[in-house]
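Peer 1: the sequence and its predicted three-dimensional model are supplied below.
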Amino acid sequence: MLFFDIESTGLNIVSDSIIELSFVKVFPGRSEPEVKTWKIRPWDYEHNCQRHINEEASKVNGVKDEDLRNCPLFINVAAEVAEWLNDSDLAGFNSAKFDLPMLAEEFERVKAYCRQRMADPRAPQAGKDEAKQLLEKVQVDLHAPLMVDVQNIYHTMEPRNLRAAYRFYCGGEDFENAHAAEADTLATFQVLKAQLDRYSEPDKYREQVLKNDVKSLAAFVGRKYVDFSGHLIYDDKGEVLINFGKYKGRSAREVWQSDPGYFRWVQDGSFTLDTKDQFAKLDKEFRKEADEARKRPATGDELRGLQEKFNGKLF
């Protein structure tokens, strides 16, 4: 069984990359596992440049762009990674939802690059042969192995529901009439009071404390959603971002400017009325901003930009 974990430039599997990959391979009848970790320079194959690490990801994993400049690309270690994956089932913590798809995506990028290299009439034959050899070595089907997700076992055996919370915080017994609205509501009240008591002082496992203050407690919700279904979210600067589909992670304002039909598509799609309402409010806001920008005098920077763009020459 091969236990694995990755760190990445961000959480978007389509547009982010692995920056660290660690394997722990366990063999039947052998007491000591084999361990291998790669630091990887994240690479954008389409634009042929290093991929930037998202600021939020960097805060979590502590890695900055400059830390990886001398590290190999995934394509440089792909054959070795594939060899480690050989004849192994897989295991990880919440890996089925993110780590595994991200690893598979990196392999697909390598395969696509090799095929492109082999088909390029300008590429030297030696380069084509090298691409062909690598392509043969990275034919990994990550759908084939069994996948053990330790987080799923944890959540199944130790459920994170109201009954479990009540048992943990309020004396070890179930409350009566669970799943009746009034009983659940009263139990929730009791759980919060017990949490305030339990986490009022820091200890050796946690420095953070709970304050008996609504604003402080509400901060535990985490990232603030614009709509209740989470299709629109705020970033740290208060900018609204798209949180799904092809524009995930993009500013809603930028999407409105580059693809205004997207907002109409949302109104015609299978989204909640609240989501459609929030998109409509943004559309109204952006239209107002555009109208005001057209009416006001141009700034010096804008005029200089126009002067550089239109220099009096037709060709």
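Peer 2: All right, it came through fine.
Peer 1: contacts and neighbour counts: CA atoms only from here.
Peer 2: Will do.
Peer 1: ok, residues contacting the helix or strand containing Glu292?
Peer 2: Using DSSP states H and E, Glu292 sits within helix 273-295. Residues from elsewhere that reach helix 273-295, judged by Cα atoms under 8 Å, 6 or more residues apart in numbering: 226-229, 231-232, 253, 256, 263, 266-267.
Peer 1: buried ones in that helix, by neighbour count?
Peer 2: 275-276, 278-280, 282-283, 286 (16 or more other Cα atoms under 10 Å).
Peer 1: let's have these in CSV, adding distance to Asn12 and pLDDT.
Peer 2: Output for the buried residues of helix 273-295, formatted as CSV (distance: Cα to Cα, whole Å; pLDDT from 0 to 100):
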residue, distance to Asn12, pLDDT
Thr275, 22, 94
Lys276, 24, 95
Gln278, 23, 95
Phe279, 22, 96
Ala280, 26, 95
Leu282, 24, 96
Asp283, 25, 96
Phe286, 26, 95
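Peer 1: pLDDT below threshold where in the stretch 101-250 of the chain?
Peer 2: Along the stretch 101-250 of the chain, the model assigns pLDDT under 70 to residues 178, 221-223.
Peer 1: which residue ranges of it form strands?
Peer 2: Applying DSSP state E, counting those that start in this stretch to the stretch 101-250 of the chain gives strands spanning 147-149, 232-234, 240-242.
Peer 1: tell me how far the second one lies from the chain's centre.
Peer 2: Think strand 232-234. 14 Å (Cα atoms, centre = their mean, to the nearest Å).
Peer 1: who are the packing partners of that strand?
Peer 2: Under the contact criterion of 3 or more Cα pairs under 8 Å, 6 or more residues apart in numbering; DSSP states H and E, strand 232-234 touches strand 240-242.
Peer 1: quick one: buried residues of the helix or strand following the strand it packs on?
Peer 2: Remark: after strand 240-242, the chain's next helix or strand is helix 252-258, criterion DSSP H and E. Neighbour-count burial for helix 252-258, with 16+ other Cα under 10 Å as criterion, is recorded at 252-253, 255-256.
Peer 1: okay, domains of the protein per the record?
Peer 2: 2-153, 159-221, 223-315 (automatic domain parsing).
Peer 1: most packed of the ones you listed?
Peer 2: Mean neighbour count (mean count of other Cα atoms under 10 Å) peaks for domain 2-153 among the domains of the chain, with a mean of 16.
Peer 1: pull the distance from it to the chain's centre.
Peer 2: 16 Å.
Peer 1: for stretch 174-194, same thing?
Peer 2: 34 Å.
Peer 1: can you list contacts of that stretch?
Peer 2: 162-163, 165-167, 169-170.
Peer 1: which of the buried residues of helix 252-258 lies closest to Ser95?
Peer 2: Of all these, Ala252 has the smallest distance to Ser95: 29.6 Å, by Cα to Cα.
Peer 1: distance check, the closest one against Leu11.
Peer 2: Distance, Ala252 to Leu11, by Cα to Cα, to the nearest Å: 18 Å.
Peer 1: again, but for Pro260
Peer 2: Distance from Pro260 to Leu11, by Cα to Cα: 26 Å.
Peer 1: what score does Asn311 have for pLDDT?
Peer 2: Per-residue pLDDT puts Asn311 at 57.
Peer 1: among the contacts of helix 273-295, which are in helices?
Peer 2: In helices, defined here by DSSP state H, the members of the contacts of helix 273-295 are 253, 256, 263, 266-267.
Peer 1: so how far is stretch 234-251 off the chain centroid?
Peer 2: The answer for stretch 234-251 is 12 Å, by Cα atoms, centre = their mean.
Peer 1: who touches it?
Peer 2: Counting by Cα under 8 Å, 6+ apart, 12, 223-226, 230-233, 252-253, 255 sit against stretch 234-251.
Peer 1: from those residues, pick the one nearest Phe74.
Peer 2: Asn12 (17.1 Å).
Peer 1: surely the closest one is within a helix?
Peer 2: No. Using DSSP: H, G, I helix; E, B strand; the rest coil, the assignment for Asn12 is coil, not a helix.
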